[in-house]
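> sequence? don't have it. structure:
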Ligand code: KG4
Ligand code: ZN
């Protein structure tokens, strides 16, 4: 049985985890940086990179202590090598390389998106390839056909903003605070999703992609009109996003042959309205719906450790001179 140390630092979450290839999570440690970025209403890359430098080492030590393990027990070190904010990615990858060099253990360079894409298999041992994955986070909104480890086909992506980005910008416009997704979801519970007429970009379109920029502009206009309560705008915005996600996913499902499950991952998958709507869609299509637990949907190191375990058991390790990448499509 292989034990993998996973490291994540591609955005504003610093994390370290110890994951075994039998799906046991021995430890997972995470430090958010919300307080550091909140005054700016968004993630400041330079502040994030500095925070990762300070926090990652102690988090690795804390994870090892919680697992009752030492670096000698670890079989491979998996670190996010991109995509993400390049300063942060470099901190995690260089830390992984240093640990690999010092211990003589192999390095597995993990694509952060692959971490999200395979995380449902950590949570659900019965989830087999191929499956259709809706990956919805702050940086990405994609539909992926996951055929195997390292074997992904992108069916759709966003032509402008990611869904999480739209949540974050809406929260900022409505003065609901940061991080935006959970704040909009909370406000939406007190609002009427039918109160504000908002567009559903690309819904019904023959092309496969997503678009959220027009929705964001419509939120701005609704706010400036001054006739709607922020809660009603939040609820109507959330409903518009759900409608867009469902329409596009339904279209992809009709074209993805042989898939047995609809899977959702990424930070926006923490949203209950999104989850419920996708569950309904999967039910209508007669397939399983798999969503990782909430903590595994947002950025964490257990998903990087698990992707590392899947790659390591497939014999996929990387040289120590591999470079960090700000952009790295799956
Ligand atoms: O996957 P993630 O932690 O980081 C990225 O790789 O982007 O996703 C973070 C994104 C943010 O945009 C955040 O606002 C959104 O996920 N998010 C949510 C919720 N929780 C997090 N969006 C809607 N509803 C939520 N409950
Ligand atoms: Zn992410």
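Everything's here; your move. It should be emphasised that the depicted structure is a prediction, and the values quoted were computed from it without experimental measurement. Numbering: from 1, shown residues only. Ligands and ions are numbered 1, 2, ... in the order given.
> CA atoms for contacts and neighbours, from now on please.
Fine.
> so which strand or helix has the nearest residue to residue 88 once chain neighbours are set aside?
In space, and not counting its chain neighbours, residue 88 is closest to residue 49: 4.4 Å by Cα to Cα, 6 or more residues apart in numbering. Here residue 49, judged by DSSP states H and E, is contained in helix 45-67.
> Then residue 220?
Assessed by DSSP H and E, residue 220 sits inside helix 213-225.
> What are the buried residues along that helix?
Going by neighbour count (16 or more other Cα atoms under 10 Å), the buried part of helix 213-225 is 213-220, 222-223.
> What residues does this protein have near ligand 1?
Contact residues, the chain versus ligand 1 (Cα under 6 Å from any ligand atom): 137-139, 164-165, 167-168, 179-182, 185, 266-268, 270-271, 298-299.
> Quick one: mean pLDDT over stretch 20-32.
Stretch 20-32 carries an average pLDDT of 97.
> ok, and what's touching that stretch?
Applying Cα atoms under 8 Å, 6 or more residues apart in numbering, the contact partners of stretch 20-32 are 1-4, 12-19, 55, 59-60, 62-64, 66-67, 122-123, 125, 300-302, 306, 309-310.
> Separate out the buried members of those.
Here, 16+ other Cα under 10 Å leaves 3-4, 12-19, 55, 59-60, 62-64, 67, 122-123, 300-302, 306, 309-310 buried among the contacts of stretch 20-32.
> Which of these fall in helices?
Using DSSP state H, the subset of the buried ones among the contacts of stretch 20-32 located in helices is 55, 59-60, 62-64, 67, 122-123, 302, 306, 309-310.
> domains of the chain?
Here the domain assignment for the chain is 3-117+298-313, 127-291, based on automatic domain parsing.
> could you pull out the strands for the stretch 51-200 of the chain?
With DSSP state E, counting those that start in this stretch as the criterion, the stretch 51-200 of the chain has strands at 76-82, 107-111, 131-136, 141-148, 151-156.
> what distance separates the start and the end of stretch 317-325?
17 Å (Cα to Cα, to the nearest Å).
> List the buried residues for stretch 200-208?
Under the neighbour-count criterion of 16+ other Cα under 10 Å, stretch 200-208 has 200-203, 208 buried.
> Find the nearest non-adjacent residue to the residue in the stretch 1-150 of the chain that ligand 1 sits nearest to, please.
Proximity of the stretch 1-150 of the chain to ligand 1 (Cα to the nearest ligand atom) peaks at residue 138, 3.3 Å away. Spatial nearest neighbour of residue 138, excluding adjacent residues (Cα to Cα, 6+ apart): residue 164 at 4.0 Å.
> Identify the residues contacting the one you found.
136-140, 181, 267-268 are the contacts of residue 164 under Cα under 8 Å, 6+ apart.
> need these in a markdown table with neighbour count, can you?
As requested, the contacts of residue 164 are arranged in a markdown table below (neighbours: other Cα atoms under 10 Å):
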| residue | neighbour count |
| --- | --- |
| 136 | 26 |
| 137 | 25 |
| 138 | 20 |
| 139 | 19 |
| 140 | 21 |
| 181 | 26 |
| 267 | 24 |
| 268 | 26 |
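> Is it possible to get TSV of the buried residues of helix 213-225 that adds pLDDT and distance to residue 27?
As requested, the buried residues of helix 213-225 are exported to TSV (pLDDT from 0 to 100; distance: Cα to Cα, whole Å):
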residue	pLDDT	distance to residue 27
213	96	39
214	96	42
215	97	40
216	94	39
217	95	42
218	98	44
219	98	41
220	97	43
222	98	45
223	97	44
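> All set now, cheers.
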